[in-house]
Every structure is written in C-alpha cells, then in structure tokens.
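> Got a sequence here, can you build the structure:
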Amino acid sequence: MHKKTGQWIFLAILFIFIVSDTSLAATSPVVVGGAAIVIDSNNGQVLYEKNSHQHMYPASTTKILTAIIALENSNLNDQVRISSNACNVEGSAVGLQEGERISMEDLLYALMLNSGNDTAVAIAEHVGGSVSGFVDLTNKKAAEIGAVDSHFNNPNGLPDPNHYSSAYDLAVIARYAMKNPEFRKIVATETKNIRRENPEAQTYLLNHNKMLWQYEGTIGIKTGYTDAAGQCLVAAANRQNRELIAVVLGSVGTSIWDDDRALLDYGFVEFKSASVIDAAKYVTDTSVKYGVSTSVPVVASQSFTYDFPKDKPVEVRQEVRLKEQVSAPVVAGQKLGELVFFSGEREIGRVDLVSQQDVRRKWSVHWWQWVSLVLFILLWRSVNRFRYKYRRRGYVNLDRRKYYWK
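Numbers count the residues shown, from 1 in each chain. You can find the predicted model right below:
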C-alpha cells in the first residue's frame, strides 16, 4: 500500500454536535463494576471504557461464545443425547437427565435464557466431541474474532484460574454473535417453553436478563454470576437505528442493572452517529497501465459511520491511499487502495477503495507480442502456400491417373 502524496481530500467540516475525543464529552458514567465498556455495534467504536482489557472472570457471559459456536457447528434440529457428565454440573441447571434426548434448539434456549450449566456441557460434548474438544474450538474462535485477552477452560463460565476474559473481549464476542439472526432471536426471547421427554421435567424458561423489561430498546444478551466473578452483564439495546453493546464485570448486587443502564444512556444521549461516507460513493480516479482505458473510477467499498460526542464541532478529513501501480485487467470491486479517516491527528477508521468497473487489457502492449503476431502471419502464409502447391500437384496427377496425393 502506498500513501499517495499530495492527495488529501477534504471530506467535510461536520457541524453535527461532535468532538474528536470521547474523553471531552459530557461527564462519564458512574460504574460500580470493576471493568466496563460500551461500544457501537455497527462499527465497534469504543464510547466509554473502564479497565476494559483487565483479565476478569466472565461467569455465564461465557455462554455467549458457547452459543455462537454451537450455531455455527451444528443444526438446530440435532437431537442431543445427554451424558452423565452433563447431568452432574454444579450451579444453575434445567435438570437434564442421563440418556434424555433434547433438540439443540431447545438446549440453546435453556443455555441463554435459564443459563443452564448442564446444557452448556451437553452442547459442548455434542459439538466438540468432548468438553476439552469444545474448549479448543472456543479459544480458536475467540482468537479469530479478536478476543485476544481471553482464555476459556469450560463452556459455562464456572470459576477456573485459566478461564478469564475482559470487558473489551466480551464486547467483541457479543458484537460478533449478534450478527447471527438465530442468536439474536434467542437472546431477545423473554419466555420460552421447550420440549422434554419427561413430562415432569422443567420446560418453562424465563430469561434472566431483566434489561429486556427494564430498559427500552433492549434486545439481549446475557447475564452472569459467581462468587468469584461477581455480577456480570452484557446487554445490547437499539434506539433510533443505533445499536449499542454494554459490558459490566465484577459489579455488586443490583448495581449491575444500574451500571448497564448508565453505560447505555451515556452512549445514546451523549453521542450522535454520523455517516462519514456512503457505500459506492465516488472518491477519485486512478491510472491503469495496459488497459483499454487509461484510468478507472474508484469508489468506497462500504459505508462508514462514526459516533461523535455532542455539542462541539470537529474537522473530519480523509486520506486516499492507492496502490502504487494498477495494471489491467481490472475487475469491478477489485481493491485498489484504502480511504483513511482522521479526526485531528487521530485515525478513526478506514474503508477499502475498489474499482467501479472492469478495465480490459489491451491485447498487444509489448514488442514481443507484435513480433509473435508477425511470425504467426508468416508461418500461416507459408503453410497455406505449401498446402496450395500440394493440392495442385495432386489434381494434376489425378488427370494422369496417378494418385501421389493420397
């Protein structure tokens, strides 16, 4: 990637109640929990954080990752046979019985609404072949999506010195999980009746996440508690087409609900989302070597929005960074560079720049191609002359009753 000198493009001076540094916004929220964060689910932007990269026990918020791994590696109609191992797990449970069969879909609802530790083990054994096999999948997935401050040692979040995460990582995991429609449906469900083979078994589930009733716009996602972890909560809410995710770890008692409400209020009230660029918007042209066209229009590959604190203006600018050399053929949508956005001297994001259209390559652009063409023509003419003489001789000999040409 090459920084194209002299090609700074003034995007706009956006007077949209904004300021470049979140720390200069209104008074930060008061949070009892030991670690906290609130992010914009659309672009992953951090709006507020407190010890967000500190290693903490995540308790049952672990099950967010357990659920998304199950959704990506199994079918909802899978019939899961319950092992004795799954039946003998401490903590919250739905009373799974050894040998019982229950659908993956119902297990996921029991996992996310009722926070069943037994269901987490049943899911792990079905998907990973064993709990340890599932744990390997968990840590691999965490690393893939950028949760690098985490290490998971079980699928349910029971205390373990080698089982930890961070507020930031859980926000990253939650953001990833909420992109899955089935996951979103499950965590937004307030109550659910599941099917069990034993008619006396627990079938009614009530979501432990009180934010679904207590905070307008809440759409999920998961609570957690152990003595070691304290009160934990990951909550997502949607208002005015903005979706925020708030995470609090290590809170105390009912303060957990106040903490998350304070974070979400802060994000919704003190920030306003602005569109910096729209998808497919023309940005510039770039030259193309060996093409039937000497240049091609370059457009933004996707939209980019950013949350700005209210009431203070800021200058937002963009820098075009194009590849040093582009050669045909070029196909529409091909990445040709990046568009980087700055607020002051701080980078706030970037999008890929792509070709707006195809550019075909000229078929003859090198001297050796011309030489090859000339040689081909000469060879073709020589062959045709030979064939002409050969056929003529055959016809003459045919008149003399000779068949040399056969």
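> Now stretch 295-313: buried residues?
Neighbour counts over stretch 295-313 (16 or more other CB atoms under 10 Å) mark V296, V298, V299, A300, S301, F304, T305, Y306, D307, F308, P309 as buried. Heads up, the C-betas are built off the backbone N, CA and C, glycines and all.
> low-scoring stretches of the stretch 201-350 of the chain, by residue?
314 (pLDDT under 70).
> show me where it has helices.
211-214, 255-270 (DSSP state H, counting those that start in this stretch).
> Would you mind pulling up the elements that the first one packs against?
For helix 211-214, the elements it packs on are strand 218-226, strand 230-239, helix 255-270, judged by 3 or more CB pairs under 8 Å, 6 or more residues apart in numbering; DSSP states H and E.
> Tell me, how many residues neighbour F183?
Neighbourhood size, F183 [other CB atoms under 10 Å]: 23.
> What sits closest to the residue nearest the centre of the chain if chain neighbours are left out?
The chain has Y176 as the residue nearest its centroid, 5.3 Å off, counting by CA atoms, centre = their mean. Leaving aside its sequence neighbours, Y176 sits nearest to I145 (CB to CB, 6 or more residues apart in numbering; 4.7 Å).
> which of the helices of the stretch 201-350 of the chain is buried the deepest?
helix 255-270 (a mean of 22; mean count of other CB atoms under 10 Å).
> Mind giving me the packing neighbours of that one?
strand 35-40, strand 46-50, helix 211-214, strand 230-239, strand 242-251.
> can you tell which of the helices of the stretch 201-350 of the chain is closest to R195?
Minimum separation from R195 across these (CB to CB) falls at helix 211-214, 23.1 Å.
> then the closest one to PDB, C-alphas only?
Output in PDB follows, covering the C-alpha atoms of helix 211-214 (Å, rounded to 0.1, in the frame of the first residue of the first chain):
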ATOM      1  CA  MET A 211     -32.900  -5.400  31.000                       C
ATOM      2  CA  LEU A 212     -35.400  -6.800  28.500                       C
ATOM      3  CA  TRP A 213     -38.200  -5.500  30.700                       C
ATOM      4  CA  GLN A 214     -36.400  -2.600  32.400                       C
END
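> can you list contacts of it?
Helix 211-214 is contacted from outside by A188, E190, T218, G220, L233, A235, A237, W257, D260, R261, using CB atoms under 8 Å, 6 or more residues apart in numbering.
> Quickly note the distance from the second one to K272.
Computed with CB to CB, to the nearest Å, the distance linking E190 and K272 is 30 Å.
> Between the two, which has more neighbouring residues?
Ranked by neighbour count (other CB under 10 Å), E190 and K272 place K272 first, with 17 against 11.
> can you pull up the bridge partners for the more buried one?
F308 (DSSP bridges).
> Could you verify my assumption that it touches F308?
Yes: with contact defined as CB atoms under 8 Å, K272 and F308 form a contacting pair (6.1 Å).
> Ok, which of the helices and strands packed on helix 255-270 comes nearest L65?
Closest to L65 of these, according to CB to CB: strand 230-239, at 10.9 Å.
> what's that closest one packed up against?
helix 167-177, helix 211-214, strand 218-226, strand 242-251, helix 255-270.
> Show me which residues of that strand are buried.
Quick answer for strand 230-239 (16+ other CB under 10 Å): G230, Q231, C232, L233, V234, A235, A236, A237.
> Closest one of the buried residues of stretch 295-313 to T286?
V298 (5.4 Å).
> ok, for that closest one, nearest residue in space, not its chain neighbours?
Nearest non-adjacent residue to V298 (CB to CB, 6+ apart): L353, at 4.9 Å.
> Pretty sure the one you found sits against V320.
Yes: with contact defined as CB under 8 Å, L353 reaches V320; the gap is 7.1 Å.
> Now do the shared contacts for the two.
Joint contacts of L353 and V320 (CB under 8 Å, 6+ apart) are V283, G337, L339.
> if we can go back for a sec, let's have the buried residues of stretch 295-313 in JSON lines, adding distance to V46.
Below are these laid out as JSON lines (distance: CB to CB, whole Å):
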{"residue": "V296", "distance to V46": "36"}
{"residue": "V298", "distance to V46": "30"}
{"residue": "V299", "distance to V46": "28"}
{"residue": "A300", "distance to V46": "23"}
{"residue": "S301", "distance to V46": "23"}
{"residue": "F304", "distance to V46": "16"}
{"residue": "T305", "distance to V46": "15"}
{"residue": "Y306", "distance to V46": "12"}
{"residue": "D307", "distance to V46": "10"}
{"residue": "F308", "distance to V46": "13"}
{"residue": "P309", "distance to V46": "13"}
